[in-house]
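>>> Sequence and predicted structure, then a few things I'm wondering about:
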Amino acid sequence: MMTTSPSACIELKPGTHFAKCVLMPGDPLRAKYIAEHYLENPVLVNDVRNMLAYTGTYQGKEVSVMGSGMGIPSLGLYATELYEFFGVDSIIRVGSAGGLGDDVHVRDVVIAIGASSNTGFQDAVDLPGFLAPTADYGMLSDAVEAAKELGVRADVGRVYTSDFFYYPNPEAEINRKARATGHLALEMETAGLYLQAAVHGKKALSILTISDHIFTGEALSAAERQDSFHEMMEIALKTAAKAVG
């Protein structure tokens, strides 16, 4: 196992390591918040480029948390290096998403069974046709069960991962088309994570909180975002604990 990645984007602090399961929010400061509020005895393991990463324990199980940055290129770099060079077996994305489906509401948790995308990253796999990356079923099943135990509404289905936050062609009506084809939410990382897990023979899951609804205009207040974030984190941590045995 390496202590410095080939890209030099990850450099382990002396005497530290990553757990077998890593939670990945987009914002590195959110990773810091998770470590300080949910993990026991968190230790900073990486701060290169301020992409903060910590390892601690949750209910006696070792878990790490690290920011991914925004979009597939950033997440893809960190996920690849965690899987390939630092002994990580599973990654759980924890983030926000915009609701698309009629039955999806703000504060709902969406557990992504699969992710469609407009990204060109899967072209590098050179698989004839289209690669359809999906979540690890065991982790997904554990997350659904954790949501039930916590009494949290969780919708399971497809999400749409876009390379664009500001789509350059409004006439393409990408949001309407994604909703019409059964996608529950719109976000920017899940398809990339599932692709990297498939390529490297590892496990991945994406758990998302609906922070706003693209078609109804519903949106959470700052306080509501924090409460719903806590629900998502409880599901993710319980799932991570099972993933590491």
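All right, it came through fine.

>>> just the helices in the protein please.
For the chain, helices defined by DSSP state H occupy the ranges 28-38, 72-85, 137-150, 174-180, 190-200, 222-243.

>>> I'd like the mean pLDDT over the fifth one, please.
Averaged over helix 190-200, pLDDT sits at 97.

>>> which parts of that helix are buried?
Neighbour counts over helix 190-200 (16 or more other Cβ atoms under 10 Å) mark 190-200 as buried. Backbone N, C-alpha and C define where each C-beta goes, glycine included.

>>> Can you spell out which helices and strands pack onto that helix?
helix 72-85, strand 90-99, strand 109-117, strand 154-161, strand 203-213 (3 or more Cβ pairs under 8 Å, 6 or more residues apart in numbering; DSSP states H and E).

>>> any weak-confidence spans in the chain?
Counting by pLDDT under 70, the chain shows low-confidence ranges at 226.

>>> Spatially central, which residue of it would that be?
Nearest to the geometric centre of the chain sits residue 93, at 1.4 Å (Cα atoms, centre = their mean).

>>> ok, and the closest non-adjacent residue to that one?
residue 206 (4.2 Å; Cβ to Cβ, 6 or more residues apart in numbering).

>>> Wait, the one you found touches residue 189, no?
Yes: look at residue 206 against residue 189 with Cβ atoms under 8 Å: they come within range, at 7.4 Å.

>>> quick one: common contacting residues for the two?
Listed as contacting both residue 206 and residue 189 by Cβ atoms under 8 Å, 6 or more residues apart in numbering are 93, 95.

>>> how many neighbours does residue 216 have?
12 (other Cβ atoms under 10 Å).

>>> That one and residue 179, how far apart?
Going from residue 216 to residue 179 by Cβ to Cβ, to the nearest Å gives 11 Å.

>>> Check residue 158 too.
Counting by Cβ to Cβ, the gap between residue 158 and residue 179 amounts to 11 Å.

>>> still on that earlier bit, now the residue nearest to residue 93, which residues is it bridged with?
Beta-bridge pairing for residue 206 (DSSP bridges): residue 93, residue 112.

>>> Residue 16: which of the helices and strands packed on helix 190-200 is closest?
helix 72-85 (13.8 Å; Cβ to Cβ).

>>> I'd like to check the angle between that closest one and strand 154-161, please.
Interaxial angle of helix 72-85 relative to strand 154-161 (axes from the mean of the first three to the mean of the last three Cα atoms, to 10 degrees): 110 degrees.

>>> For the residue nearest to residue 219 when sequence neighbours are not counted, give me its contacts.
In this structure, residue 219 finds its nearest non-sequential neighbour in residue 212, 4.0 Å apart by Cβ to Cβ, 6+ apart. With contact set as Cβ under 8 Å, 6+ apart, residue 212 has these partners: 98-99, 106, 218-220.

>>> mind checking how far the closest residue to residue 174 other than its chain neighbours is from residue 152?
Using Cβ to Cβ, 6+ apart and skipping the chain neighbours, the partner closest in space to residue 174 is residue 167 (5.6 Å). The gap separating residue 167 from residue 152 is 31 Å, by Cβ to Cβ.
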